[in-house]
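Chemist: just coords:
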């Protein structure tokens, strides 16, 4: 029996152990997609206690606490930070088989040197020890990033953002991690949402002229792309539900937009036409400026309407959707490829049943623009656990080239979540090591080591082509 979280945690074969300890463990981190706050980084925020740093905004933990029957006041309510921490300590003991148990204890070990498992019995001691550590210099927002050896961070930013916090970060000559904005124009694409018209009003204020037809909208969005480009942005991101595509000309899209701007309802077909047109438009812009495009697909959001009214979005009430994505996604990628305007693209699915859709579709659009130009993105959200990561990598290996994979990202709001890269790398090394020990791949440590180092960091560095 192995000791819990021992040196060879997740490593069950000798080749995997060698790959992790000698090749993967010390590689830097390229966190190309996350939800960290640029404001907190710019201000080098210090955290008053472990609850603020650990539980604030973490809907993964919130879901687990609700499943354990914890009252909402101890989750998002007005209970004291210490009481909230104790309720998390009570919950974590029951998280057997859940990655939260691994992540929690990896974070306690790597950042706080705490090896004792968290429970109600140890909560007081761990609460005090963590809070003492947080007083040290290395536990501010920037300090935690430096401790984690992170070279690049891609945040998630609305096109109308002024990016002032990114500018402040970039002016700090003592902080050498690149913190770059990522362009997330969901509110522009989602013409069917209540956020569309208010956001259009905000866009008008930012660009300084009315958005009264499709030409003015497209002009405004390219201006914002250029603004982001000048702030170092080279990555865009889109959150999609299902993916449908009906080709439509600009005149028809203009009519649809004018209907919406006049507060006239548009139907599902008009929505699909508008969204597809805008996705193709953005894809062409990204190709023009040598950006990478990320498409996150398959989430059904805000399913609990009562809690949505109480707490708002992104509070732990989203789920995996069973939307159709294959035909629409193929149509959008093909529309871009027809004119040789398909950018580097990373595709993420929330529903693991879509693995083979993405694993085969990426092979239809690869070319010499970039090695692994179209990527099957890492196991995302409800799939960023051991089984989900292994399945994603096995499916990618079966259907494409795992060796060209750009690897892990945190997709997180927490400055402690960089241990997920360690978690991923251990799983990766164990998987490759098993293939070698089973006689399915040659035992060539130079080749294997390079593959592991590339997936851990080098492939992302080359793919995004951002000067470090």
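Modeler: Nice, thanks for sending it over. Computed from a predicted structure; not experimentally measured.
Chemist: And the contacts of stretch 147-158?
Modeler: 28-38, 41, 111, 138, 145, 163, 166, 177-185, 187, 228, 233, 235, 237, 418, 457, 460-461, 464, 466, 468 (C-beta atoms under 8 Å, 6 or more residues apart in numbering). Where C-beta positions appear, they are placed from N, C-alpha and C, glycine not excepted.
Chemist: Which of those residues are buried? Put it as a ChimeraX command.
Modeler: Those of the contacts of stretch 147-158 that count as buried under 16 or more other C-beta atoms under 10 Å are selected in ChimeraX with:
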select :28,29,30,31,32,33,34,36,37,38,41,111,145,163,166,177,178,179,180,181,182,183,184,185,187,228,233,235,237,418,457,460,461,464,466
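Chemist: can you list the weak-confidence ranges in the stretch 201-350 of the chain?
Modeler: In the predicted model, the stretch 201-350 of the chain carries no residue with pLDDT under 70.
Chemist: Okay, helices next: where are they in it?
Modeler: Here the stretch 201-350 of the chain has its helices, by DSSP state H, counting those that start in this stretch, at 214-230, 250-261, 268-288, 305-311, 326-338.
Chemist: Let me have those helices in CSV, adding distance to residue 131 as columns.
Modeler: Output for the helices of the stretch 201-350 of the chain, formatted as CSV (distance: least, C-beta to C-beta, whole Å):
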stretch, distance to residue 131
helix 214-230, 38
helix 250-261, 50
helix 268-288, 44
helix 305-311, 27
helix 326-338, 47
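Chemist: Just name the most buried of these.
Modeler: Neighbour counts (mean count of other C-beta atoms under 10 Å) averaged over each of the helices of the stretch 201-350 of the chain peak at helix 268-288, with a mean of 20.
Chemist: May I have the predicted confidence score for the closest residue to residue 422 other than its chain neighbours?
Modeler: For residue 422, ignoring the flanking residues on the chain, the nearest one in space by C-beta to C-beta, 6 or more residues apart in numbering is residue 106 at 6.5 Å. At residue 106, the model reports a pLDDT of 98.
Chemist: what's the spacing between the residue nearest the centre of the chain and residue 378?
Modeler: With distances taken as C-alpha atoms, centre = their mean, the residue of the chain nearest its centroid is residue 411 (2.8 Å). Distance of residue 411 to residue 378, given as C-beta to C-beta, to the nearest Å: 9 Å.
Chemist: which residues are common contacts for these two?
Modeler: By C-beta under 8 Å, 6+ apart, the residues touching both residue 411 and residue 378 are residue 384.
Chemist: picking that back up, helices - which of the contacts of stretch 147-158 land there?
Modeler: Residues of these located in helices (DSSP state H): 38, 41, 111, 145, 166, 187, 228, 460, 461, 464.
Chemist: returning to that earlier point: name the helix or strand for the residue nearest to residue 422, please.
Modeler: Using DSSP states H and E, residue 106 sits within helix 99-112.
Chemist: after that helix comes which helix or strand?
Modeler: Counting by DSSP H and E, the element after helix 99-112 in chain order, helix or strand, is helix 123-133.
Chemist: From the contact counts, what lies against that following helix?
Modeler: helix 50-54, helix 81-92, helix 99-112 (3 or more C-beta pairs under 8 Å, 6 or more residues apart in numbering; DSSP states H and E).
Chemist: angle of the following helix or strand past the first one against helix 99-112?
Modeler: Per DSSP H and E, helix 50-54 leads on to helix 59-67 as the next helix or strand towards the C-terminus. Following axes from the mean of the first three to the mean of the last three C-alpha atoms, to 10 degrees, one obtains 130 degrees for the angle between helix 59-67 and helix 99-112.
Chemist: in helix 59-67, what's buried?
Modeler: Neighbour counts over helix 59-67 (16+ other C-beta under 10 Å) mark 59, 60, 61, 62, 63, 64, 65, 66 as buried.
Chemist: Distance of the last one relative to residue 120?
Modeler: Spelled out, it's residue 66. Following C-beta to C-beta, the distance that separates residue 66 from residue 120 is 18 Å.
Chemist: would you list every one of the helices in the stretch 351-468 of the chain?
Modeler: 355-361, 386-399, 419-437, 445-453, 459-464.
Chemist: Just name the most buried of those helices.
Modeler: Of the helices of the stretch 351-468 of the chain, helix 419-437 is the most buried (mean count of other C-beta under 10 Å), at a mean of 22.
Chemist: if we can go back for a sec, spatially, which two of the ones in helices among the contacts of stretch 147-158 are the most separated?
Modeler: 111 and 187 (35.0 Å; C-beta to C-beta).
Chemist: ok, back up a step: right, so of the helices of the stretch 201-350 of the chain, which gets closest to residue 51?
Modeler: helix 305-311 (17.4 Å).
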